[in-house]
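Using only what follows, build the 3D model:
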Amino acid sequence: MIDKHPAYGIKRIKAELEASCQVVVGRDTLGKLLKLWGLGLRRKMRANKQSMIQKILLAIAGRANLLIRTVIIRPLQAITSDITELKYGGGKAYLCVHKDVFGQMVYGWSLGLTMEARLVMASFEAAKKAIKPFRQNMEKIVFHQDRGSQYTGYAYVAEVLKDDVLSYSDPGTPTHNPGQESFFGRFKDEWKEEIAEIQTFEKLEMFVAEKIHYYNYERRHTSIDYISPWDYTQTFLKKTA
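Numbers count the residues shown, from 1 in each chain. I've put the predicted structure just below:
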């Protein structure tokens, strides 16, 4: 059967066995039997095709990382983004944020059930809207992220490059984006028990909105003189206006 239908996966082999041989077997059991008998499926998984942007990033190697070569001295000079998984009582969701490197302010965030590009786009659009009031006479912002497909897709790249510049971590180097790692680690550690008790996505979204508001406007940060990101950013911008 496998020789006759080399493109069949386990589901199709199972259906063929039931129709042609009147043999009923579960998917998991069938998979184990095929492996036991050395009857490996001939189907080959297609390798993810690199986009032109990913090919360019591969060609220029570490030169795509502008953040590591930039001295960050003020708010709204560089913004980093990343995605993390949140495990809650109702399952799991994915949180994407766009956060200021220097001022610590989270300007954009989005929550979704999948890690698709639209999750990143929603976070970026929220950040873009929040930053707009400060854009007058402002230099281009460095938007830094990893090289995941969500960040190297044409839609995201085109939107960022309308007004700002892109920076990417080197492959396999999470330490090139330590601010995001720290933010996510702290967020999930501080609110672990509360998140675990939430049963619906809608309530999780409300919870995240509440806690990011707290983070931005109330939580005192050691790296910015023990005041909130909002207060620090406003004070800094007034001094430099």
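
Thr222 and Gly26, how far apart?
Distance, Thr222 to Gly26, using Cβ to Cβ, to the nearest Å: 55 Å. C-betas here are computed from N, CA, C, even on glycine.

between those two, who's got more neighbours?
Between Thr222 and Gly26, counted using other Cβ atoms under 10 Å, Gly26 has the larger neighbour count: 9 against 6.

what residue is smack in the middle of this protein?
In the chain, the residue lying closest to the centroid (Cα atoms, centre = their mean) is Ile83, at 2.4 Å.

Can you tell me the SS state at it?
strand (DSSP: H, G, I helix; E, B strand; the rest coil).

Show me what the strand or helix carrying His213 is packed against.
His213 is located in helix 201-217, with elements delineated by DSSP states H and E. In terms of contacts (3 or more Cβ pairs under 8 Å, 6 or more residues apart in numbering; DSSP states H and E), helix 201-217 is packed against strand 78-88, strand 91-100, strand 106-112, helix 192-197, helix 229-240.

from memory Tyr168 sits against Tyr151, does it?
Yes: if you go by Cβ atoms under 8 Å, Tyr168 and Tyr151 touch, sitting 7.4 Å apart.

Next, show the common contact partners of the two.
Gln145 (Cβ atoms under 8 Å, 6 or more residues apart in numbering).

What strand or helix carries Thr29?
For Thr29, the enclosing helix or strand under DSSP H and E is helix 27-36.

mean confidence score for that helix?
On average, the pLDDT along helix 27-36 is 65.

Okay, now the unreliable bits of the chain?
Applying pLDDT under 70 to the chain flags the ranges 1-10, 16-17, 23, 28, 30-62, 172-176.

Domain boundaries for it, per the record?
Annotated domains of the chain cover 1-45, 52-240 [automatic domain parsing].

Please work out which of these is packed deepest.
Most buried of the domains of the chain, by mean neighbour count (mean count of other Cβ atoms under 10 Å): domain 52-240, with a mean of 16.

quick check: angle from whichever strand or helix holds Ala126 to strand 106-112?
Secondary-structure assignment from DSSP H and E places Ala126 in helix 117-131. Per axes from the mean of the first three to the mean of the last three Cα atoms, to 10 degrees, the angle that helix 117-131 makes with strand 106-112 is 150 degrees.
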